[in-house]
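# sequence plus predicted model, see below.
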Amino acid sequence: MSDHLNAADAYRLVHRRVDELLRGRADVADRAVPACPDWTVHQTVSHLAGVCQDVLSQNLQGAGTPSWTQAQVDRLADHDLDELLDAWAESAAPVAEVLEHAPPLIGGQLVFDTLTHEHDLRGALGEPGARTGDPAFAVAAGFLTASFDRAIRDNGLPAVLLVGPTLGSVLLGDPSAPGSPIVVELTDFEMLRALGGRRSVAQLQALPWQGNPGRLLTVFTGSAVYPPEADLVE
């Protein structure tokens, strides 16, 4: 498989991995998901399947809000785990076709959400997956870095030089902003989890910053990112 996937192929890859992880494992359905403390494995998969259904039905009002995701969990509550996986598979294929023609950031956001939840589910099962060399990571990271670049610029914060094995070095924000640049080097997995709302404020502060992140940490705790109160150790 190519190391350079488009969003559609990255989504297909992550969907396939999660299906293979959970298919035929009804016994794990009620297991709590530490990264999503309000959800079980069943509820997390309900969200993944429900997102696809909502994309196809164009039910996108309030997309990404807690009420939108809760509606997905509620309407699929009566399905068993394999039925959820069947429902997801049924809608994932046409959604991947949509992603073939969608703007890159739209596809990247869906891949980011799905990849994040793959690792959430693996954390619940104690079965880590691909944390390095994952062909889907670059697609998810493209969405994350674009979002953080915009947020850093909009808030007049110091630029960040983000360094990692897949992305290389990526400058986020305005390099002429006072205090720029702050440098942080992370593994692919830690980058996904830190920028994706899976690290507590204390864990974010403890990242190997070169320079004082100061107000920059507000970007990690903004309206679209909800860090856990307690440390998440994976």
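That came through, no problem.
# for the residue lying closest to Thr114 once chain neighbours are set aside, which three-state class applies?
Among residues not flanking Thr114 along the chain, Val14 sits closest, at 4.8 Å (C-beta to C-beta, 6 or more residues apart in numbering). Heads up, the C-betas are built off the backbone N, CA and C, glycines and all. Look at Val14: counting by DSSP: H, G, I helix; E, B strand; the rest coil, its state is helix.
# now Ser180. Nearest residue, chain neighbours left out?
The shortest distance from Ser180 to any residue that is not its chain neighbour, by C-beta to C-beta, 6+ apart, is 3.9 Å, and that residue is Ala159.
# let me see the contact set for the one you found.
Contacts here follow C-beta atoms under 8 Å, 6 or more residues apart in numbering; on that basis Ala159 touches 152, 171-175, 177, 180-182.
# take those and keep only those in helices.
For those, the ones inside helices are Ile152, with DSSP state H as the criterion.
# now, of the contacts of Ala159, which are buried?
Buried residues within the contacts of Ala159, counting neighbours by 16 or more other C-beta atoms under 10 Å: 152, 171-174, 180-182.
# sort out for me which of those residues are in strands.
Counting by DSSP state E, the buried ones among the contacts of Ala159 place 171-172, 182 in strands.
# quick check, nearest of those to Asp27?
Nearest to Asp27 out of those is Leu172 (C-beta to C-beta; 42.5 Å).
# and the closest one, how far from Asp38?
For Leu172, the distance to Asp38 equals 30 Å [C-beta to C-beta, to the nearest Å].
# which one is Arg23 nearest to, not counting chain neighbours?
Leaving aside its sequence neighbours, Arg23 sits nearest to Leu85 (C-beta to C-beta, 6+ apart; 5.8 Å).
# that neighbour reaches Asp19, doesn't it?
Yes: with contact defined as C-beta atoms under 8 Å, Leu85 and Asp19 form a contacting pair (5.4 Å).
# re the thing from before, mind putting the ones in strands among the buried ones among the contacts of Ala159 into a markdown table with pLDDT and distance to Val73?
Below are these laid out as a markdown table (pLDDT from 0 to 100; distance: C-beta to C-beta, whole Å):
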| residue | pLDDT | distance to Val73 |
| --- | --- | --- |
| Leu171 | 98 | 38 |
| Leu172 | 97 | 33 |
| Ile182 | 96 | 38 |
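# which among the residues you listed gets closest to Gly214?
Closest approach between those and Gly214, by C-beta to C-beta: Ile182, at 8.5 Å.
# quick one: contacts for the closest one?
158-161, 209-213, 216.
# what do you get for Asp80?
Neighbouring residues of Asp80 by C-beta under 8 Å, 6+ apart: 26, 29.
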